[in-house]
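>>> predicted model and sequence below, questions to follow.
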Amino acid sequence: MEVYADYAATTPVKQAVIDKMMDVYSVHYGNPSSIHSIGRDARKYLDESRRTVAKIFNAKPSEVIFTSGATESNNTAIKGIAYERQHKGKHIITSKIEHHSVLHVFEQLEKEGFEVTYLDVDHEGLIQLDQLKAALTDETILVSIMFVNNEIGTVEPMYDIDDIIAESNALFHVDAVQAIGHLEIDFHEFNIDAMSITAHKFGGPKGVGTLLVKDDTKLQFPQLGGEQEAKRRAGTENLPQIVGLAEALTLANNHINDNNVHLMNLKNQFLVTLQERSVPFELNGSMTVSTGHIVNLYLPFVDVETMLTLLDLSNIYVSSGSACTAGTTTPSHVLVAMYGNEERAKHSVRFSFNEQTTEQEIKYITAEIHKIYHKFKEEI
């Protein structure tokens with residue numbers, strides 16, 4: 001059996017999404033900025049995709065900017081807000097467990113003279129609300145906190161965070177990449193000023209994403225050239241992928257409840273079966289305030305590199321954490337921030353599922369982990 005269990009890294013493109021994209025590639029191929037009939041035809045698809053995204057998040061079409069993905073969206077939002085508002089203060093806040101497309105931007109801004117507060121998290125990966133409240137000053141211009149952590153699946157207390165930030169002068173950016181398809185997000189219910197998503201995490205194509213920005217939120221846009229995206233992001237729009245994003249987002253949003261039930265059942269089956277097989281493990285993160293699609297396990301009997309290799313030989317494809325840090329030997333910064341040491345991170349593996357994952361695949365994964373455990377148990 002072959003089992004893909006790394007859906008938090010990327011998902012296969014759904015057939016309905018491919019069909020929509022191929023229609024644009026072959027028929028509606030015009031440049032949306034051209035004024036002739038073929039260009040106007042392409043513009044209709046661009047505008048329709050923008051309206052679709054806006055409707056799903058209860059946003060306005062004017063608040064939707066199409067990008068190349070979450071990395072660009074995060075960079076644009078954080079740098080854009082920081083540079084635009086630096087005359088009001090140069091203090092910015094994030095957490096220690098953000099994705100590197102957020103953390104590295106904060107580190108760069110720190111080198112440029114901004115003061116950065118990196119919030120601690122507890123053993124479940126939840127930020128400390130009292131610390132956030134205490135960190136906010138009159139000089140704070142931006143707070144960036146992810147909705148769902150990409151390595152452990154913990155859902156941050158957005159309503160509480162939102163209430164705290166609302167009492168300050170800071171703007172609020174949210175990396176919502178891992179929340180899509182798992183949580184319903186009302187862009188205007190929260191005090192979110194900018195929010196990033198990327199299509200390939202929920203059955204869409206790679207290389208396309210969205211940055212939602214409130215109409216009254218001012219930021220500097222770095223990409224210059226043409227007047228696309230209402231002069232906010234220059235460059236001819238990648239229409240087929242934008243249409244694919246809108247279709248994938250629609251499908252993900254339409255099946256949130258059913259998928260969440262399925263994923264939580266798989267998560268419970270996974271953990272209970274490991275317990276029944278007497279495999280020693282500990283869950284990294286939270287069982288209650290988390291999504292069902294990510295399960296990060298501390299497996300003390302084997303190091304992560306060996307475990308990944310042995311699982312790969314059994315045709316089980318998982319990861320140690322973010323795919324963006326693949327190829328490095330650095331332990332997960334998320335787990336180090338949570339537990340204060342690198343040893344746990346060196347023995348932890350992330351399994352991530354989606355609606356295509358079956359109970360039979362879960363049984364196969366647990367059986368192979370059981371074999372690996374007994375192999376190393378005997379060697380000890």
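Structure's in. What do you need? Residues are numbered from 1 along each chain as shown.

>>> going by C-alpha atoms from here, please, whenever you check contacts or count neighbours.
Fine.

>>> pull up the gap between the nearest residue to Glu342 once chain neighbours are set aside and Gly285, please.
Once flanking residues are discounted, Glu342 sits nearest to Val336: 5.6 Å by CA to CA, 6 or more residues apart in numbering. Taking CA to CA, to the nearest Å as the criterion, Val336 is separated from Gly285 by 12 Å.

>>> ok so Asp195 is a strand residue?
Asp isn't right for residue 195; it's Met. Yes: counting by DSSP: H, G, I helix; E, B strand; the rest coil, Met195 is located in a strand.

>>> got phi/psi on the residue minimising distance to the centre of the chain?
For the chain, the residue nearest the mean C-alpha position is Val177 (2.6 Å; CA atoms, centre = their mean). Recorded main-chain torsions at Val177 are phi -50, psi -50, according to degrees, to the nearest 10.

>>> any idea how far His91 is from the closest residue to it other than its chain neighbours?
Take Val177 and drop its neighbours on the chain: the residue closest to it by CA to CA, 6+ apart is Ile197, 4.6 Å away. The gap separating Ile197 from His91 is 25 Å, by CA to CA.

>>> for His188, same thing?
In terms of CA to CA, His188 sits 25 Å off from His91.

>>> ok, Thr117 next?
For Thr117, the distance to His91 - CA to CA - is 8 Å.

>>> more crowded one of those two?
His91 (23 against 20; other CA atoms under 10 Å).

>>> ok, now which ones touch that one?
Phe114, Glu115, Val116, Thr117, Glu139, Thr140, Ile141, Leu142 (CA atoms under 8 Å, 6 or more residues apart in numbering).

>>> top of those residues by neighbour count?
Neighbour counts for those peak at Leu142, which has 27 neighbours (criterion: other CA under 10 Å).

>>> that one reaches Val174, doesn't it?
No: judged on CA atoms under 8 Å, Leu142 makes no contact with Val174 at a distance of 10.7 Å.

>>> helices along the protein, start to end?
Here the chain has its helices, by DSSP state H, at 15-26, 37-56, 70-85, 100-111, 129-135, 158-166, 228-231, 239-254, 256-276, 304-313, 333-339, 342-345, 359-379.

>>> CSV for those helices, including mean pLDDT and mean neighbour count?
As requested, those are exported to CSV (pLDDT from 0 to 100; neighbours: other CA atoms under 10 Å):
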stretch, mean pLDDT, mean neighbour count
helix 15-26, 97, 16
helix 37-56, 96, 18
helix 70-85, 98, 22
helix 100-111, 98, 17
helix 129-135, 98, 14
helix 158-166, 97, 15
helix 228-231, 91, 14
helix 239-254, 98, 24
helix 256-276, 97, 17
helix 304-313, 96, 16
helix 333-339, 97, 21
helix 342-345, 95, 20
helix 359-379, 91, 15
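
>>> make JSON lines out of those helices and add distance to Phe202.
Listed next are the helices of the chain as JSON lines, based on distance: least, CA to CA, whole Å:
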{"stretch": "helix 15-26", "distance to Phe202": "11"}
{"stretch": "helix 37-56", "distance to Phe202": "14"}
{"stretch": "helix 70-85", "distance to Phe202": "13"}
{"stretch": "helix 100-111", "distance to Phe202": "19"}
{"stretch": "helix 129-135", "distance to Phe202": "30"}
{"stretch": "helix 158-166", "distance to Phe202": "21"}
{"stretch": "helix 228-231", "distance to Phe202": "23"}
{"stretch": "helix 239-254", "distance to Phe202": "6"}
{"stretch": "helix 256-276", "distance to Phe202": "11"}
{"stretch": "helix 304-313", "distance to Phe202": "24"}
{"stretch": "helix 333-339", "distance to Phe202": "22"}
{"stretch": "helix 342-345", "distance to Phe202": "27"}
{"stretch": "helix 359-379", "distance to Phe202": "20"}
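
>>> closest one to Gly209 among those helices?
For Gly209, the closest of the helices of the chain is helix 70-85, at 5.8 Å, according to CA to CA.

>>> am I right that Pro222 is in contact with Thr76?
Yes: using CA under 8 Å, Pro222 is in contact with Thr76, at 7.0 Å.

>>> need the contact list for the residue nearest to Val177.
Contacts for Ile197 (CA under 8 Å, 6+ apart) come out as Gly69, Ala70, Ser73, Asp175, Ala176, Val177, Ile180, Gly209, Thr210, Leu211.

>>> including distance to Glu107, could the residues you listed go into CSV?
Formatted as CSV, these follow (distance: CA to CA, whole Å):
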residue, distance to Glu107
Gly69, 20
Ala70, 18
Ser73, 17
Asp175, 17
Ala176, 20
Val177, 21
Ile180, 27
Gly209, 23
Thr210, 23
Leu211, 21
